[in-house]
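J.: Have a look at this prediction, sequence included:
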Amino acid sequence: IETATGKLVMGSANTEIPHGVTTIGQNAFLSNQKITSIKLPPSVNTIEDYAFYNCTNLEEINLDNIIRKGDRALDGTASGRFTYADSIKGYMNFQLRGKEAILYHVWDNAPAKVAIPQSFDYNGKTYTVTEIASYAFLSNTSTESVSIPGTVRIIGEAAFSECSGLRRVILHNGLTSIQDNAFAYCTSLESIELPATLEHIGRAAFTRSGLKSLDIPASVTSLGRNITLDCRNLKSIKVNSANKVFDSRKNCNAIIKTDINLLLEGCRSTRIPKDIVAIGPYAFAGASGLKRIDIPSSVQYIFDRAFAFCPLEKIEIPASVSLMDDNPFFGCGSIRSITVKSGNPSYSSPSGCNAIISNGNDIRVIRYPEVKVLLDYLKEGQYMSRRPGTLIQGCRNTVIPASCTIIGYQSFAYCEGLDRIDIPQGVVTV
């Protein structure tokens, strides 16, 4: 067991999982033929990829508290074997296990308004619908409205991805987990009311959807990365004030990890609070309408592509920022002005060059002790190298200074209006 994270990384047929373990790690019991039953304590909420894969004799495992289930986590187990009920209501296929049913496929002949049943009778037995499987509605363009009953605990990975006609989703208390990419590319989905029982929202759950607003309930304790990535219409983000893990302090229109002051999600209306320490990877990526953002002097770290493809016109980096990962402003082709405030220990924009130049003091290895808690939360490593004199961001008005020795990777990518650039003799690498 990995003490720091509460993850069980390897088990055996005789393993008794203690209370406090939160995650069954990837491949932890892979192909263990001796396991017949296993009891998960209430603290376990995550089963990672292939955790019990091919444990062919595993017949009993309690899953009531699981909110995240990885790829093929239970495939090949006796408990994971299903019988099937096809064409329920004429267009729904279910996997049956015990008294539970998982909606695993919806046919293209589904009506515009779909109501998933709480339960149904099949071959003389009653089954309760508890899960919507990964990809169940994938690319279904005819469905406009879906009502999901409170018996459903999990909405699987990409369950509604690319449902471009989906305009309304009705959720009820009882739902605990929305998995990765569940509503990605649902371009007609402008709003969704999340229930008060929801605990987990997976990575990119609403990416490139039509959401205009998003309210996070107090019950949510776990967020995957970039749940609103490239939501170009998003104007309002609120976290319930009773939430103990995340917040949107001072009505800032952002999601912040409270204990480490890390801004995870932003939008065109975000005002970065003055106590934020770091801006997460892709936090504002694709935020159309974001032409200006004030980065307060509390910010010390800006992670990968934090502002990618925003229509920013002006960038001012405060003296407090000591680490910027690769291409924080990637694809921001409208930038006309770039300034680094004097006194910054890691960056400069000498002689009004309209560029960000690194002095080599901004690599993760050097900054690792102070930034470790952030990197651990983001599941990022400590390795990122950058040499002194590296130009890491330019714009249409950049004049490359004589002190520049390296023109960094994609530092001028998507730079609109850049008709000419003079490269000084001191540059040795492009």
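T.: Arrived safely.
J.: got the contact list for the residue most central in space within the chain?
T.: Taking C-alpha atoms, centre = their mean, the centroid of the chain lies closest to Arg225, which sits 2.1 Å from it. Contact analysis of Arg225 by C-beta atoms under 8 Å, 6 or more residues apart in numbering lists Arg203, Ala204, Leu264, Gly280, Pro281, Tyr282, Leu378. Yep, even glycine has a C-beta here, placed from its N, CA and C like the rest.
J.: go on, Asn62?
T.: With C-beta under 8 Å, 6+ apart, Asn62 has these contacts: Lys39, Leu40.
J.: all helices for this structure, in order.
T.: 364-378 (DSSP state H).
J.: that older thread, any idea of the pLDDT on the residue nearest to the centre of the chain?
T.: With respect to pLDDT, Arg225 has a value of 93.
J.: And the one 3 residues further on, by the same measure?
T.: On the pLDDT scale, Thr228 is placed at 97.
J.: do Gly80 as well
T.: Reported pLDDT for Gly80: 68.
J.: and if you look at the one 5 residues further on?
T.: pLDDT for Ala85: 92.
J.: Equivalent analysis for Asn123, please.
T.: 93.
J.: Over to the one 5 residues further on?
T.: pLDDT, Thr128: 96.
J.: and if you look at Ile366?
T.: Per the predicted model, pLDDT is 58 at Ile366.
J.: How about Tyr383?
T.: Predicted confidence (pLDDT) for Tyr383: 58.
J.: for the one 3 residues further on, same thing?
T.: We note a pLDDT of 77 for Arg386 in this prediction.
J.: mind listing the strands in the stretch 101-250 of the chain by residue range?
T.: All strands of the stretch 101-250 of the chain, identified by DSSP state E, counting those that start in this stretch, fall at 113-115, 119-122, 125-132, 145-147, 154-155, 168-170, 177-178, 200-201, 213-216, 222-223, 236-239, 246-247.
J.: Looking at those, spot the one closest to Pro388.
T.: Minimum separation from Pro388 across the strands of the stretch 101-250 of the chain (C-beta to C-beta) falls at strand 222-223, 36.4 Å.
J.: Output the lowest mean pLDDT helix or strand found in the protein.
T.: helix 364-378 (a mean of 73; mean pLDDT, DSSP states H and E).
J.: picking that back up, and which of the contacts of Arg225 is nearest Ala242?
T.: The nearest one, if we look at the contacts of Arg225 relative to Ala242 and count by C-beta to C-beta, is Leu264, at 18.4 Å.
J.: wait, the closest one sits on Gly280?
T.: Yes. Under the criterion of C-beta atoms under 8 Å, Leu264 makes contact with Gly280 at 4.8 Å.
J.: picking up where we left off before, will you turn the strands of the stretch 101-250 of the chain into a markdown table that also has distance to Glu416?
T.: A markdown table is the format used below for the strands of the stretch 101-250 of the chain (distance: least, C-beta to C-beta, whole Å):
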| stretch | distance to Glu416 |
| --- | --- |
| strand 113-115 | 43 |
| strand 119-122 | 56 |
| strand 125-132 | 42 |
| strand 145-147 | 40 |
| strand 154-155 | 39 |
| strand 168-170 | 37 |
| strand 177-178 | 37 |
| strand 200-201 | 34 |
| strand 213-216 | 30 |
| strand 222-223 | 33 |
| strand 236-239 | 28 |
| strand 246-247 | 35 |
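J.: Make a markdown table from these and add distance to Leu290 and mean neighbour count to it.
T.: Below are the strands of the stretch 101-250 of the chain laid out as a markdown table (distance: least, C-beta to C-beta, whole Å; neighbours: other C-beta atoms under 10 Å):
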| stretch | distance to Leu290 | mean neighbour count |
| --- | --- | --- |
| strand 113-115 | 35 | 15 |
| strand 119-122 | 46 | 14 |
| strand 125-132 | 33 | 19 |
| strand 145-147 | 31 | 17 |
| strand 154-155 | 29 | 26 |
| strand 168-170 | 27 | 16 |
| strand 177-178 | 26 | 26 |
| strand 200-201 | 22 | 23 |
| strand 213-216 | 16 | 19 |
| strand 222-223 | 21 | 18 |
| strand 236-239 | 13 | 20 |
| strand 246-247 | 21 | 21 |
